[in-house]
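In: Structural data only, the sequence is not supplied:
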């Protein structure tokens, strides 16, 4: 990928982009067409999820030579084009919509977002031994809006494709479970205690991962539930922008907190779990190599070159 | 999104192990149960 980044060059740059852009466009078109299917819609599988799934299969089945030829275009698509798409995604909600769920809905969304993200940041690295980037990506995806939030958070952290894919897969997986669990719980609760569709919608919208999954879980109960759920969800989606601003500020502040030279040597545990229990520093977030191998395996400009925007 | 999938190696995803799934499960459980508690709490406060 670094080779691909280096090869952004005129004058044949457009030609070099073409194969990758066409490949990405073909996969995206297939995903968009497939997402219109009734079965996939009822299961809350959006075009976004299908695109990454089809891309994963194609990317791991296509011969290496074909992928090498399309590296430049894919790089452009997964960076600039993807980010442009995320920006447009956040601009769909009007204040009229927000008024529908009221101040209580906004407060619920904010509380759910903050508590879930805080849980991800403490539970992931400390108890489960996850690297902080993956934990933050999964936290963002779970607490805000699924795959789109993971993708929007990735540039702030400079995550690797596999970290993003793992986070997307995890978030989409559990969000899909919610499509079946929430309506079942609604019917179970409604049988013993009155529960309005609007209350259910607010609960589903403020806690289910993806927009498409919220739509599916809402419609499984009724139209009124779906309406409230979608608006509660869109308010949560709108919180993505302030969330990213706060995360960027946090990352900028925490970056010089622990210079790479202060990293402690490892004890003789399994490499992934031992290394990821370490206090995370900026360099660790971007360097795929365990800390005890940094002097030889991690190129020294790695951490400096990957954090220019906060300097 | 398609481009992201196309450039992701499955072996690299497997290397992540079960920890991401554990975190995803814990967060999903919190969203469902803790989220319900937040909904009830705010609804009670708002009257």
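Out: Yes, it's here. Just so we're clear, the structure is a prediction, and the values are computed from it rather than from any experiment.
In: do you know how far residue A:195 is from residue A:186?
Out: Separation of residue A:195 from residue A:186 (CB to CB, to the nearest Å) stands at 7 Å. C-beta here means a position set from N, CA and C on the backbone, and glycine is covered the same way.
In: Residue A:194 too?
Out: 12 Å.
In: Looking at the two, which has the bigger crowd around it?
Out: When residue A:194 is set against residue A:186 and neighbours are counted by other CB atoms under 10 Å in any protein chain shown, the residue ahead is residue A:186, at 22 against 7.
In: does whichever helix or strand the more buried one is part of come close to chain B?
Out: Using DSSP states H and E, residue A:186 sits in helix A:161-192. Yes - using CB under 8 Å from any CB of the partner chain, we find that helix A:161-192 touches chain B at A:161-167, A:169-171, A:173-175, A:177-178, A:181-182, A:185.
In: Tell me how many other residues crowd the residue of chain A found nearest chain B.
Out: Among all residues of chain A, residue A:55 sits closest to chain B, at 2.2 Å; criterion: CB to the nearest CB. By the criterion of other CB under 10 Å, residue A:55 has 28 neighbours.
In: For the helix holding residue A:186, name the packing helices and strands.
Out: In terms of contacts (3 or more CB pairs under 8 Å, 6 or more residues apart in numbering or on different chains; DSSP states H and E), helix A:161-192 is packed against helix A:47-61, helix A:132-140, helix A:147-157, helix A:197-207, helix A:211-219, helix B:2-6, helix B:10-14, helix B:19-29.
In: wait, does the second one make contact with chain B?
Out: This means helix A:132-140. Yes - under the criterion of CB under 8 Å from any CB, chain B is reached by helix A:132-140 at A:134, A:135, A:138, A:139.
In: Apart from its neighbours in sequence, what residue is nearest the first one?
Out: Once flanking residues are discounted, residue A:134 sits nearest to residue A:163: 4.8 Å by CB to CB, 6 or more residues apart in numbering or on different chains.
In: What score does that neighbour have for pLDDT?
Out: pLDDT recorded at residue A:163 is 90.
In: Now do residue A:14 against residue A:21, distance only.
Out: 9 Å.
In: The two: which is more packed in?
Out: Per other CB under 10 Å, whichever of residue A:14 and residue A:21 has more neighbours is residue A:21, with 19 against 11.
In: contacting residues for the more buried one?
Out: A:73, A:74, A:76, A:77 (CB atoms under 8 Å, 6 or more residues apart in numbering or on different chains).
In: Put together a markdown table for these, with secondary structure, distance to residue A:144 and neighbour count on each row.
Out: Converted to a markdown table, those look like this (DSSP: H, G, I helix; E, B strand; the rest coil; distance: CB to CB, whole Å; neighbours: other CB atoms under 10 Å in any protein chain shown):
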| residue | secondary structure | distance to residue A:144 | neighbour count |
| --- | --- | --- | --- |
| A:73 | helix | 29 | 25 |
| A:74 | helix | 26 | 26 |
| A:76 | helix | 26 | 20 |
| A:77 | helix | 23 | 27 |
